[in-house]
Each structure stands twice: as structure tokens, then as C-alpha cells.
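Engineer: starting from these lines, generate the structure:
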Amino acid sequence: MSNDIVKKTIRTVVKIFLDSGVQTIPQYPEIRDEFEILDKVYTTDEMIREVQYHITCYLDEKYPYAGPGYRYHYSTFVEWWYARDPDRRYPPDYAKLDMSDGTYISTP
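Structural biologist: Below is the predicted model of the structure:
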């Protein structure tokens, strides 16, 4: 499976949530459902994690004063994934998401 197809699918799912006016980090099942609706690639935890990461960055930029430390959404994201897999090193480093239509540019 091509990495380009995976990246485009991740971008599409992120765009779906941003276009819907998301104000909280979508839960794991919500994101999995969007991947299943698109039905373009096999969905992995890593893909879901990346979608949540990009939405988290968007929310922290859009609502910077939502919580203590000004990284409220990011802290929540790391907490969720640490609870799911405590042996993994966090936070993850994802490449900048290409939203070339000007929708959103994440800052890792």
C-alpha cells in the first residue's frame, strides 16, 4: 500500500472533522468510523493517533486558553494514548500535515 494513499486518507479524515467545526478531540471510535466510511486503506492505531494529533494541534491553536498551560488539548491527547500504550515514548513526532488548500497548517 502506498504511503501517499495513507497520508491523503489521513488528511481527508482530518479535513472532515475540521470542516464540521470540531471543538473537542474526536474519540477513537469516531475517527475509526470515518476511515471505514472512506474505505480506502486498512486503518491502524497509528493512523488514528495521527488524526487526533493534527486535530489537537488545530484546537490548541484555535483555543489557546482552553485550559491550564495553554496546551490543554495536547495534554489530553498524550494522556489518552499513554493510557492505551504506556510502553510507548510520547509525545509522537508527526510530520507537518499538508493542507495545501489553506484549511490548516499544523505546527508540530
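Engineer: going by C-alpha atoms from here, please, whenever you check contacts or count neighbours.
Structural biologist: Fine.
Engineer: report the buried residues of the lowest-mean-pLDDT helix or strand in the chain.
Structural biologist: Confidence across the helices and strands of the chain bottoms out at helix 72-84, with a mean of 78, counting by mean pLDDT, DSSP states H and E. Across helix 72-84, burial judged by 16 or more other C-alpha atoms under 10 Å covers 72-75, 77-78, 81.
Engineer: for Ala83, see how far away Ile10 is.
Structural biologist: 23 Å (C-alpha to C-alpha, to the nearest Å).
Engineer: using the three-state scheme, assign Tyr65.
Structural biologist: coil (DSSP: H, G, I helix; E, B strand; the rest coil).
Engineer: neighbours of it, just the number please.
Structural biologist: Counted by other C-alpha atoms under 10 Å, the residues lying close to Tyr65 total 12.
Engineer: repeat for Gln23
Structural biologist: Residues lying near Gln23 (other C-alpha under 10 Å) number 14.
Engineer: ok, now Asp45?
Structural biologist: Asp45 has 11 nearby residues by other C-alpha under 10 Å.
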